[in-house]
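>>> What follows is a predicted structure for the sequence shown.
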Amino acid sequence: MNFSETAWKVFNQSIEDYHVLDNVETIPSNPFSEGSLERILYAKNWIDTVQWHLEDIIRDENINPLEALQLKRAIDASNQKRTDLVEFIDGWFLDQYKNINPKAEAKINTETPAWAVDRLSILALKIFHMDLEANRESATEQHRIACQAKLDVLLSQKNNLSTSIDQLLKDIENGDVKMKVYKQMKMYNDESLNPILYQKEKK
């Protein structure tokens with residue numbers, strides 16, 4: 001089983017496990033061994049899955065404004081965790097390939113392996129939920145047909161992205177691409193970088 005197949009299997013296990021209770025407060029029970037890549041991927045997708053549903057909840061037009069503000073804070077915190085974990089995964093890859101000597105003509109990719117994996121994790125969620133809509137009995141036939149068409153596109157994108165990820169890893173292993181880590185440097189949660197936060201402290 002290649003990397004993208006392993007990641008896809010782990011992501012879908014995480015999604016299925018979440019939907020047993022379908023509750024953003026559920027504490028995950030990661031089934032993979034400590035220190036394994038699978039455990040990290042499961043944790044990554046669990047964050048994405050919870051955030052997906054937080055985003056659904058906050059879009060309720062009748063939501064209490066105070067609850068919406070609390071949810072916005074939770075989404076910001078989730079985004080930070082997601083970013084930190086993606087960068088951790090890139091660090092894992094960097095360590096895996098530390099003994100690879102890139103060729104003189106090696107290229108630098110605009111997207112790191114972990115950020116491509118991040119897109120694959122989100123794509124797993126899109127496919128899961130679009131499949132639900134394509135088969136929802138309470139929906140109209142027109143709705144189901146439209147969602148099936150979208151699902152077909154998403155499945156095609158999944159195949160393309162999976163192939164691209166595996167090719168990128170192969171190119172890094174062969175020295176054709178340099179392994180790089182790009183830091184996101186998120187500023188909105190940092191009290192020393194967000195002017196709204198540090199100006200408030202001065203008052």
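Alright, I've got the coordinates.

>>> And the strands in the chain, which stretches?
For the chain, applying DSSP state E gives strands covering 107-108, 177-178.

>>> And the residue nearest to Ile122 when sequence neighbours are not counted, how far from Ala104?
With Cβ to Cβ, 6 or more residues apart in numbering as the criterion, Ile122 has its nearest non-adjacent residue at 6.0 Å, and that residue is Asp48. All C-beta spots, glycine's among them, are computed from the backbone N, C-alpha and C. Applying Cβ to Cβ, to the nearest Å, the value for Asp48 to Ala104 is 38 Å.

>>> Between those two, tell me which one has more neighbours.
Set side by side, Asp48 and Ala104 show more neighbours around Asp48, with 21 against 6, by other Cβ atoms under 10 Å.

>>> from memory Trp52 sits against Ala124, does it?
No: applying Cβ atoms under 8 Å as the test, Trp52 and Ala124 come out as separate, 10.3 Å apart.

>>> still on that earlier bit, contacting residues for the residue nearest to Ile122?
The neighbourhood of Asp48, defined by Cβ atoms under 8 Å, 6 or more residues apart in numbering, consists of 82, 118, 121-122, 125.

>>> Nearest to Asn30 among these?
Nearest to Asn30, judged by Cβ to Cβ, of the contacts of Asp48 is Ser121 at 14.7 Å.

>>> Leu37 against Trp92, yeah?
Yes: the pair Leu37 and Trp92 passes the contact test of Cβ under 8 Å, sitting 6.6 Å apart.

>>> who wins for most neighbours among the contacts of Asp48?
Among the contacts of Asp48, Ser121 has the most neighbours (other Cβ under 10 Å), with 24 neighbours.

>>> Let's see the pLDDT reported for that one.
The confidence metric pLDDT takes the value 98 at Ser121.

>>> Centroid-nearest residue for this protein?
Asp118 (3.7 Å; Cα atoms, centre = their mean).

>>> neighbours around the nearest residue to that one once chain neighbours are set aside, how many?
Excluding its sequence neighbours, the residue lying closest to Asp118 (Cβ to Cβ, 6+ apart) is Val86, at 5.1 Å. A count of nearby residues for Val86, using other Cβ under 10 Å, gives 23.

>>> do the same with the one 4 residues further on
Here the neighbour count serves as a burial measure; for Asp90 (other Cβ under 10 Å) it reads 21.

>>> Check Thr83 too.
When neighbours are defined as other Cβ under 10 Å, Thr83 has 18 of them.

>>> And it, how close does it get to Tyr18?
From Thr83 across to Tyr18, the span is 20 Å (Cβ to Cβ).

>>> related to what we said a few turns ago, okay, the residue nearest to Ile122: pLDDT?
98.

>>> For the nearest residue to Leu155 once chain neighbours are set aside, which residues are in contact?
Excluding its sequence neighbours, the residue lying closest to Leu155 (Cβ to Cβ, 6+ apart) is Ile127, at 6.5 Å. For Ile127, the contact set (Cβ under 8 Å, 6+ apart) comprises 151, 154-155, 158.

>>> Which one (most neighbours) among these?
When neighbours are counted by other Cβ under 10 Å, Leu151 leads the contacts of Ile127 with 20 neighbours.
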